[in-house]
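# take this sequence and fold it.
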Amino acid sequence: MQARYKKAVMWALYALLMLAVFVIQGVVFGRTRYFGTKLSLLPVALACIAMHAGAENGGVFGLTAGTFWCLSGGDGAGLLILLCTLCAVAVGYLCDRYLNRNFLSALMMSLLTLIVMQGLLFLFKRYLGQTGEEGWSILLKQIGLSMLACPPVYLAAWAIGKVGK
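Numbering: from 1, shown residues only. From the prediction side, this is the model:
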């Protein structure tokens, strides 16, 4: 019974971490632009959580986070549900099979998730004609600036992961 309680507390804390990331991304950095771009904290948090949770649990968490982001009116809407799920499964699988769960892996997985999620969202917007050629430099700035959130999010996810063990 004690193990089930620890797991429930761990998932509740992961949900609170993701809710804090949603609020910070939407409210604190919602209108603020740095070097012409907005921060994207969702992929970084998703990668750090899926890295500790594993492929299956991370995929379910990614599906839930993507759905919550879509229902809250976030950018990317339905496409983001699919991308969050696939990226969380991929990150969990890579960390289960090939990588250690450490800070360097978190940096690599956050970068991979940002490139896939923001890159495909950019290509989709480019296809729809919502952005021009200047979008490429904005995308690179967004990925670089969003990587700055990796250390605090990783530390929070690591501490929460210790609760569940």
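# when you work out contacts or count neighbours from here on, use the C-alpha atoms and nothing else.
Noted.
# list the contacts for the spatially most central residue of the chain?
Residue closest to the average C-alpha location in the chain (C-alpha atoms, centre = their mean): Pro43, at 2.2 Å. Shown in contact with Pro43 (C-alpha atoms under 8 Å, 6 or more residues apart in numbering): Cys84, Ser110, Thr113, Leu114, Met117.
# could you confirm it falls within a helix?
Yes: applying DSSP: H, G, I helix; E, B strand; the rest coil, one finds Pro43 inside a helix.
# how close does it get to Thr32?
Relative to Thr32, Pro43 is positioned 18 Å away (C-alpha to C-alpha, to the nearest Å).
# residues near Ile160, how many?
As a burial measure, Ile160 scores 20 neighbours (other C-alpha atoms under 10 Å).
# tell me the spacing between the residue nearest to the centre of the chain and Pro152.
Distance, Pro43 to Pro152, by C-alpha to C-alpha: 14 Å.
# dump the residue contacts of Ile138.
By C-alpha under 8 Å, 6+ apart, Ile138 lies in contact with Gly36, Thr37.
# mind checking the SS state of it?
The three-state label given to Ile138 by three-state DSSP is helix.
# pLDDT score for Ala77?
Predicted confidence (pLDDT) for Ala77: 69.
# where does the chain dip in pLDDT?
1, 77 (pLDDT under 70).
# my guess is Gly119 meets Leu139, correct?
Yes: under the criterion of C-alpha atoms under 8 Å, Gly119 makes contact with Leu139 at 7.3 Å.
# so between the two, which is more surrounded?
Remark: of Gly119 and Leu139, Leu139 carries more neighbours, 20 against 16, as counted by other C-alpha under 10 Å.
# show me what contacts that one?
Leu139 makes contact with Thr37, Gln118, Gly119, Phe122, according to C-alpha under 8 Å, 6+ apart.
# which helix or strand contains the second one?
Taking DSSP states H and E as the criterion, Gln118 maps to helix 103-128.
# buried stuff in that helix?
By neighbour count on 16 or more other C-alpha atoms under 10 Å, the buried set for helix 103-128 is 105-107, 109-122.
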